[in-house]
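Asks: just the structure for this:
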Amino acid sequence: MKNNILCYILVCISLVSNAQSYEFKTIIDLDATEVISQGNTGTCWSFSTSSFLESEIMRLTGKHIDLSEMYTVRNTYPKKAWNYVMRQGKAQFSEGGLAHDVINSVSQHGLVPDTAFKAVLDEKGSFNHSKLIDTLKITLNQFIKAPKQYKSTWQQDVTNILDIQVGENISNFNYDGISYTPMSFLKMTKINPDDYISITSFTHQPFYTNFILNIPDNFSNGSFYNVPLDDMVSIVNNALEKGFTVELDCDVSEKTFSAKYGLAIIPNDGQDYLQALTSISTEKTITQTLRQEEFENYNTTDDHLMHITGLLKDQNGTTYYKVKNSWGKNSKRVGNDGYIYMSVAYFKLKSISIMVHKDALNKHFKRWLLD
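Replies: Predicted coordinates for the structure are as follows:
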């Protein structure tokens with residue numbers, strides 16, 4: 001018995017002594033704006049894609065422009081409401097959205113700087129949409145239930161609600177002493193909405209084709225190009241190497257996705273997740289089959305959108321993506337200044353899709369994606 005206890009103690013000492021804290025070396029670090037918080041809203045899709053476009057503006061023009069996330073939100077909700085009404089309430093109506101919803105809004109409504117759009121804030125100076133969806137749904141459901149008895153127009157009522165809870169829309173503004181409309185401001189940024197491509201990797205549709213990804217937040221029926229998993233990883237790596245950042249939609253429900261530690265990993269089965277977040281652990285090998293299984297059993301869902309801005313390696317040579325989050329950075333609950341260091345294993349298993357500029361693609365990818 002004493003020998004068994006001694007052996008156990010020695011094993012524990014060996015494990016502790018062999019544990020290595022993470023040490024990261026930056027390999028690629030591309031321009032991005034400051035990490036901010038989306039507050040009490042479900043609008044990560046606008047915050048992350050706006051950040052992505054801000055980096056694109058830096059790349060294209062050298063200008064550092066803080067875009068208004070809420071201007072895009074304000075112009076996307078009427079489309080959500082239309083979809084809900086036209087489907088007679090038989091559709092999801094929530095705060096969620098995807099990167100292409102921002103691109104669609106940019107194409108139709110342009111861009112404005114954060115200083116131009118007077119977004120509604122709560123008493124703490126934060127975004128707070130905790131009552132927005134319920135308020136909108138009450139109005140929309142009243143119309144759907146009895147359209148002939150509805151006394152006003154639901155479109156105008158939606159506009160009034162959005163004006164009060166998100167902010168009033170704008171048609172012109174001044175920026176750096178110049179008068180703009182949202183569309184002329186878009187032209188100044190050199191952003192072309194047609195240049196951006198959404199890419200995913202799932203086996204229930206043929207590779208090297210595009211299809212509508214049936215996930216709840218794809219209310220606008222956005223199309224995605226489907227590629228093998230290794231190709232999707234290659235596209236991200238190639239984009240970063242060429243100076244292009246990448247928009248990311250992924251699942252963040254894993255215990256080993258931690259804003260506190262600023263880390264996202266997929267340790268092997270049986271490993272303690274807290275230990276894995278503080279000490280380097282071996283990760284699970286991710287296959288296309290496992291990725292598909294996790295998607296089809298709902299272990300991987302489109303929880304959250306973020307912005308990949310760089311590449312790092314730990315002391316063992318494992319590669320991680322530097323991922324800009326939108327949960328703020330001035331908090332004890334947020335590590336790495338609001339960034340997540342995401343292992344390639346986590347990306348391969350838990351990503352839903354990416355968005356990149358078409359010029360970030362290698363020639364052989366462009367050939368079948370853009371033909």
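Asks: now the strands for the stretch 51-200 of the chain?
Replies: For the stretch 51-200 of the chain, applying DSSP state E, counting those that start in this stretch gives strands covering 173-175, 178-180, 196-200.
Asks: can I get these in TSV with mean neighbour count?
Replies: Where you see a C-beta, it was placed from the backbone N, CA and C, and this is true even at glycine. Output for these, formatted as TSV (neighbours: other CB atoms under 10 Å):
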stretch	mean neighbour count
strand 173-175	14
strand 178-180	13
strand 196-200	22
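Asks: save those as TSV, and put in distance to Thr209 and mean pLDDT too.
Replies: Putting these into TSV (distance: least, CB to CB, whole Å; pLDDT from 0 to 100) gives the following:
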stretch	distance to Thr209	mean pLDDT
strand 173-175	42	97
strand 178-180	40	98
strand 196-200	11	97
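Asks: surely Tyr175 is in contact with Phe185?
Replies: Yes - assessed by CB atoms under 8 Å, Tyr175 is found in contact with Phe185 at 6.8 Å.
Asks: what do these two both touch?
Replies: With contacts taken as CB atoms under 8 Å, 6 or more residues apart in numbering, Tyr175 and Phe185 have Pro113 as neighbours in common.
Asks: out of the strands of the stretch 51-200 of the chain, which is closest to Thr72?
Replies: strand 196-200 (14.0 Å; CB to CB).
Asks: partner strands of that closest one, parallel or antiparallel?
Replies: strand 223-226 (parallel), strand 351-357 (antiparallel) (DSSP bridges).
Asks: packed most tightly, which of those would that be?
Replies: With neighbours taken as mean count of other CB atoms under 10 Å, the strands paired with strand 196-200 reach their highest mean count in strand 351-357, at a mean of 24.
Asks: which parts of the chain are helices?
Replies: When secondary structure is read from DSSP state H, the chain shows helices at 2-18, 44-61, 69-86, 99-109, 132-145, 154-165, 182-189, 229-241, 273-278, 288-296, 344-350, 363-370.
Asks: ok, and what's touching stretch 53-70?
Replies: With contact meaning CB under 8 Å, 6+ apart, stretch 53-70 is reached by 30-33, 38, 43, 46-47, 50, 102, 106, 111-117, 119-120, 127, 166-167, 188-191, 243-245, 307, 309, 357.
Asks: low-confidence stretches in this structure?
Replies: For the chain, residues meeting the criterion pLDDT under 70 lie at 1-18, 368-371.
Asks: returning to that earlier point: mind putting the strands of the stretch 51-200 of the chain into a markdown table with distance to Glu23?
Replies: Below are these laid out as a markdown table (distance: least, CB to CB, whole Å):
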| stretch | distance to Glu23 |
| --- | --- |
| strand 173-175 | 43 |
| strand 178-180 | 46 |
| strand 196-200 | 32 |
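Asks: looking at the ones you listed, which is closest to Ala81?
Replies: Among the strands of the stretch 51-200 of the chain, strand 196-200 comes nearest to Ala81, with 23.2 Å by CB to CB.
Asks: and the closest one, how far out from the chain's middle?
Replies: 13 Å (CA atoms, centre = their mean, to the nearest Å).
Asks: stretch 327-340 now?
Replies: 16 Å.
Asks: ok, stretch 225-239 next?
Replies: Centroid separation for stretch 225-239 versus its chain: 17 Å, with CA atoms, centre = their mean.
Asks: just the buried positions in that stretch, please.
Replies: The neighbour-count check on stretch 225-239 (16 or more other CB atoms under 10 Å) flags 225-227, 229, 231-233, 235-237, 239 as buried.
Asks: out of those, flag the one nearest to Pro206.
Replies: Closest to Pro206 out of the buried residues of stretch 225-239 is Asn226 (6.9 Å), distances taken as CB to CB.
Asks: the nearest residue to His109 once chain neighbours are set aside: neighbour count?
Replies: Excluding the flanking residues, the one nearest His109 by CB to CB, 6 or more residues apart in numbering is Asn75, at 4.4 Å. Neighbours of Asn75 under the rule other CB atoms under 10 Å: 21.
Asks: and Lys190, by the same measure?
Replies: When neighbours are defined as other CB under 10 Å, Lys190 has 13 of them.
Asks: could you do His100 as well?
Replies: 24.
Asks: and Met188, by the same measure?
Replies: 17.
Asks: about what we covered before: out of the strands paired with strand 196-200, which comes closest to Ile265?
Replies: When the strands paired with strand 196-200 are compared by CB to CB, strand 351-357 sits nearest Ile265, at 13.8 Å.
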